[in-house]
Structures are given as structure tokens and as C-alpha cells.
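Trainee: let me see the structure of the following:
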Amino acid sequence: MKNLLLVILLLLSFSSFAQVTITSTLTNPESGPGNNFDSPIEICRNETLVFGVHYTGANQYYVYYVAYADGERIYHSGLKNPNSDFYTFDFLADGTYTDLRIMFKVSSQADHTDEASVVWVYNVKDKPTNVNAGDDDNICLNTYELNASEPSDGIGTWSANGITFSDDHANNATAYNIPDGVSVLTWTVENSCGVASDNVTITKSNKPIITQQPQSQTIKKGGYAIFSVTANDTNSYQWQKNEQNIQGANSSTYQIESTQTSDAGTYTCTVSNDCGTIVSNPAVLTVNASTSIADNPNINIAIYPNPTNGKISIKTDEEIVVKIYSISGIKVYQQKINKDNNIINLSNLSNGIYLLNTNYKNLVINKQIVINH
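Mentor: Predicted coordinates:
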């Protein structure tokens, strides 16, 4: 059907009988001469085409034009006895077709026995579609192999603040200098009809870094021991005693509510994320038989009242840092105190049992406190 139509249009395009002759044509956008079937003009979808045709050879004219989209007639219009030898018309190139042909005919006879014709051939383009920058990803290195969709028409360009690319216009370029955290990379495709873009989010993490190591401590038998570690970019913890994993010890703190001599040993914590693993410094737990702070003549510290309604006084002869932990091992309070500033206010904490932790004269002191407002 399409080939037959092409033959018919070719025959029509070269028809010029006794009287009527097309002398010139004007188009916007400029299409060059009509009847150029081998070199269609590229236009953008939803573009309005404007035509103007000069003709001569008769006293009256019958004009007619028709539009074919992918071989099917989609529009036609005719006019009898136009007032001049110049006719203009326009056409909106919408729809989903790609091959568009506009045919114009002019005749001096109603039966078109005497006619001349011209055909304009267009390739209708869309702005870029189906632009895909790739899937979001989590990475550990500062380089990344991108995988965006390859443009079917037009040129693609990568862009991102502070990030460089092996080739800005390659869909599978390598991205360099990716910073820590979340980065958004944009893949933009542009052709003669428009621009479209898509983003890919890259989240860069690092191997964990321990910022606070667990501390060695000496605890009286029956006392409360707690080890804690603080690390950046960490999603798992595993505590060990004497290089053996402790079952269920998988948080940032490890606590022993009533220490026994068998608990003495070396404790470490392995912290991990998708980018690697690091082991903390060892912390030594010493458990001695003394059951009271008063049994150690070197300790001059008192904590009262206990239970408390929120305010606690700590008598000390040197500056210390007091940390308060919940029974689940979460640090909920920290304050530096000395002999002149020795009151901590825990009124904002809920009723319950907490652990007070401090270092005094190179000795770790852990004491349970009860808050009862």
C-alpha cells in the first residue's frame, strides 16, 4: 500500500498539463524543493508546518491538499475558485507517526483533468524519551562505573557537583572523586527537538572508624561492668572475650550486671559495615574480691542520694567525667564535674534503674542508681 502510494505521488508530482503550472513554493520550516522523496526533512512532533504555493495558467483554480501519515491518509481539504494565484495553508504535525507527506494539487478544472501537484516529505522526530541514568547504588570506593541508557537520537551529558567523568558524553563513563555521603548524578540527553534527563543517586560509605575505644576497668566482685565503643559508618557489632565471640553481644555496649572472677579477661569489639571490618583496642576487665568502694583507701568519692528524685551529688577531690547509661546500655547523659561543681540533674530521665560510670584515679567505677521522681 505504501509503495503504491509513493508511485502515485510521484506521478502526481510531475503532472503538469495544458494550463496550470506551480511556479514556486514556500514552507516554514524551510523544506527545499518539493518531491524530494529520498531526503525527507526532519521536523519535531507538534510543530506547525506553514505552506505557500504560487501557480499560474488559468482564470479560476481548484486547490486541494492531503496529509499522509505512515502511508495512511489522515487529512484532506479543498477549495473552489480561490481569489488569487497564491494559496497558503498550515498543518500540525502531531500524532505518533514518523513518516509525514503533504501533497498539494491545483487545477483549472473541477474534474482535475488539468492539474499540477507537489509533495513535501518529512521525518517527524520526538524529543528524547526513555532516558535512564541507571540504578541507585551504595559504594565504598570514590570511583564508579555508570550505566545510563544510550541515546537513540541526540547527545548525552553527565553532570554532578565536584565529580569528574572519564567522558562526559559516554553513557558508561567512569565517575571519579565521589565524596562521602549522598551524590546525585544527572544524565541529560538533548536532540534538535528537546531535552530530557534522569538522576542516579550514589551513596558512598567508608570502612568503619572507631572514635571511642572501650576502656579497661577494675570491678569489685558482684559489681556492674560495662564496655562501650563508638564508631562511624557502622551497621554491626560483635563483642569478644579472649578472642572468642560472646553470644548475643551485638550492640555498641556490652554489660555484665554482677561480675564474677570468671568474667575477668580481655574484651574487644569487631565493628563492620559493607565496606570493611575493624577491631577495637583490647580492654582488660579485672575483677577483685573487694565488694565495697570503701575497702580501697585510695578512693575518695561519694555518690548520693541513691535512690534519687533526679539530682545527684558526687563528692570528688578531682575532675571527673560522669556518664549515665540506661539498663539497655544506651548513654543518656554525660557531664564533667569537680569538687566545686558536683551536682548532676537527671530530672528529664524516666523512673528506673541506670548505670553511673566514671574514671577515678585510673580506676573505672560503675554504680547502679535508681531514679524515682
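Trainee: switch to C-alpha atoms for all contacts and neighbour counts from now on
Mentor: Fine.
Trainee: what domains does the record give for this protein?
Mentor: As assigned by automatic domain parsing, the chain contains the domains 2-125, 137-204, 209-288, 293-371.
Trainee: quick check: end-to-end length of the shortest one?
Mentor: Okay, so that is domain 137-204. With Cα to Cα, to the nearest Å as the measure, domain 137-204 spans 9 Å from end to end.
Trainee: what segments of the stretch 51-200 of the chain are strands?
Mentor: Secondary structure of the stretch 51-200 of the chain, counting by DSSP state E, counting those that start in this stretch: strands at 62-69, 72-80, 86-93, 99-107, 115-125, 137-139, 144-145, 155-159, 164-165, 174-176, 181-191, 194-204.
Trainee: so which of those strands comes closest to F51?
Mentor: strand 86-93 (5.4 Å; Cα to Cα).
Trainee: on that earlier part again, to T316, which of the strands of the stretch 51-200 of the chain lies closest?
Mentor: The minimum distance between T316 and the strands of the stretch 51-200 of the chain falls on strand 181-191, with 43.7 Å, by Cα to Cα.
Trainee: put the alpha carbons of that closest one into CSV.
Mentor: Presented in CSV, the C-alpha positions along strand 181-191 are these (Å, rounded to 0.1, in the frame of the first residue of the first chain):
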residue,chain,number,x,y,z
GLY,A,181,27.6,10.6,51.6
VAL,A,182,24.9,11.0,49.0
SER,A,183,25.7,12.3,45.5
VAL,A,184,23.2,12.9,42.7
LEU,A,185,24.5,12.4,39.1
THR,A,186,22.4,13.7,36.2
TRP,A,187,22.3,12.1,32.7
THR,A,188,20.9,14.7,30.2
VAL,A,189,20.1,13.9,26.6
GLU,A,190,19.4,16.6,24.1
ASN,A,191,18.4,16.5,20.4
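Trainee: any weak-confidence spans in the protein?
Mentor: 1-19, 31-36, 290-300 (pLDDT under 70).
Trainee: do a quick rundown of the helices in this protein.
Mentor: With DSSP state H as the definition, the chain shows helices at residue ranges 2-13.
Trainee: spatially central residue for it, please.
Mentor: The centre of the chain sits closest to T201, judged by Cα atoms, centre = their mean, with a distance of 2.6 Å.
Trainee: ok, it - contacts?
Mentor: Taking Cα atoms under 8 Å, 6 or more residues apart in numbering as the definition of contact, the neighbours of T201 are 135-137, 182-185.
Trainee: next one: K80
Mentor: By Cα under 8 Å, 6+ apart, the contact list for K80 reads 61-63.
Trainee: between those residues, which is closest to I301?
Mentor: Minimum distance to I301 across those is 110.0 Å, recorded for V63 (Cα to Cα).
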